[in-house]
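Asks: kindly return the folded structure for what I paste below:
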Amino acid sequence: MIDVCNTHEGELPLLISVPHDGCHLPKELQARMTRIGLAVPDTDWHVAELYDFARDLGASMQVANFSRYVVDLNRSASDDDLYPGQLVTGLCPEQTFSGEDIYAAGGVTEQEKAERLSNYWQPYHARIDAVLAAMRAKHGYALLWDAHSIPSTVPRLFDGKLPELNIGTNDGRSCAVPIEAAVVDAARASAYSVAVNQRFKGGYITRHYGSPGDGVHAIQLEIAQRAYMDEATTVFDAEKAGRLREVLSQMLQAFLEAARDGV
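Replies: Here you go, the predicted model:
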């Protein structure tokens, strides 16, 4: 069995999903990839490390092991367009965010997509389903925080420089408004620039699992990587990360407290 993710079980009704921090590539895939593809440049570098404090808070964590180039866990199995009119990166990407080829020859066949869905995508999502169901059974509600990061500038995906903290709730559909507001207030009380439901409204994970009427509140946070690392070298910056962790902790605490008070 393929070990698609690392998991940690906490006692709080909060799951932190990290779908894009994985760098592993199956050997048979590596043989077909370009030098650029093998470098997996579109990884959400160090996001699991950035959130390692959340275990001590009592949160559960689920961190993907394999690269998004194998299969993008934050896209639907049917590969629906998340952002109509904007560049589509796809369920099984064939180009990097910068437009460079991931494969030396050929692309990803429909049979390969089906195999990757079965081997990597479905186990990750089955785990999310199981954890959220257990939380609802125990606490009466569940909270899902989908943790991401991206370079501050990606001209093919968005114009200009991205704000540092980009909160997405699918325009309020994936999370109750008062709970979202508490998280946004915590972010805006910090020194970081904040955007809410702008370029990043939340991907498949946020949109699919977030169902406030059923007691599941989901938020995606896309962090501009300059906030915690050196974007040129992808080296983790412990000093920057320490400052950001304080704010992330405040945002997660606001998430938990608002949900508890609202249930």
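
Asks: OK, contacts around Leu221?
Replies: 145-148, 165-168, 248, 251 (Cβ atoms under 8 Å, 6 or more residues apart in numbering). C-beta here means a position set from N, CA and C on the backbone, and glycine is covered the same way.

Asks: just the pLDDT for the closest residue to Gly168 other than its chain neighbours.
Replies: In space, and not counting its chain neighbours, Gly168 is closest to Gly202: 3.5 Å by Cβ to Cβ, 6 or more residues apart in numbering. Among the per-residue scores, Gly202 shows a pLDDT of 95.

Asks: likewise Ala105?
Replies: On pLDDT, Ala105 comes in at 82.

Asks: just to revisit the earlier point, and the contacts of Leu221, which two are the farthest apart?
Replies: Distance extremes for the contacts of Leu221: the farthest pair is Gly168 and Leu248 at 15.4 Å, using Cβ to Cβ.

Asks: can you list the residues that contact the strand or helix carrying Arg127?
Replies: Secondary structure assignment for Arg127, by DSSP states H and E: helix 122-139. With Cβ under 8 Å, 6+ apart as the test, helix 122-139 has contacts from 2, 4-5, 7, 9, 13-15, 17, 19, 60, 62, 64, 73, 77, 141-144, 205, 209, 214-216.

Asks: what's downstream of that helix, the next helix or strand?
Replies: strand 142-150.

Asks: tilt between that following strand and helix 122-139?
Replies: Orientation check (axes from the mean of the first three to the mean of the last three Cα atoms, to 10 degrees): strand 142-150 against helix 122-139 gives 140 degrees.

Asks: strands paired with the helix or strand just after strand 142-150, and their directions?
Replies: Proceeding N to C from strand 142-150, the next assigned helix or strand is strand 165-168, under DSSP H and E. Neighbouring strands of strand 165-168 in its sheet, by DSSP bridges, are strand 194-196 (parallel), strand 216-224 (antiparallel).

Asks: closest to Phe97 out of the ones you listed?
Replies: strand 216-224 (13.1 Å).

Asks: what are the pairing partners of whichever helix or strand comes after the closest one, and which direction each?
Replies: Using DSSP H and E, the helix or strand that follows strand 216-224 in sequence is strand 229-230. Strand 229-230 has its sheet partners listed here by DSSP bridges as strand 235-236 (antiparallel).

Asks: now the next helix or strand after the strand it pairs with: mean pLDDT?
Replies: For strand 235-236, the succeeding helix or strand toward the C-terminus, using DSSP H and E, is helix 238-262. Average pLDDT, helix 238-262: 97.

Asks: buried sites along helix 238-262?
Replies: Under the neighbour-count criterion of 16 or more other Cβ atoms under 10 Å, helix 238-262 has 240-241, 244-245, 247-252, 254-256, 258-259 buried.

Asks: and for stretch 101-113?
Replies: Using 16+ other Cβ under 10 Å as the test for burial, stretch 101-113 gives 102-103, 108, 113.

Asks: contacts made by that stretch with the rest, please.
Replies: 32-34, 36-37, 69, 71, 91-96, 116.

Asks: also stretch 63-73?
Replies: Stretch 63-73 is touched from outside by 3-7, 18-26, 29, 33, 37, 40, 42-43, 48, 74, 89-93, 102, 113, 116-117, 120-121, 124-125, 205, with contacts defined as Cβ under 8 Å, 6+ apart.

Asks: among those residues, name the ones in helices.
Replies: 29, 37, 48, 113, 116, 124-125, 205 (DSSP state H).
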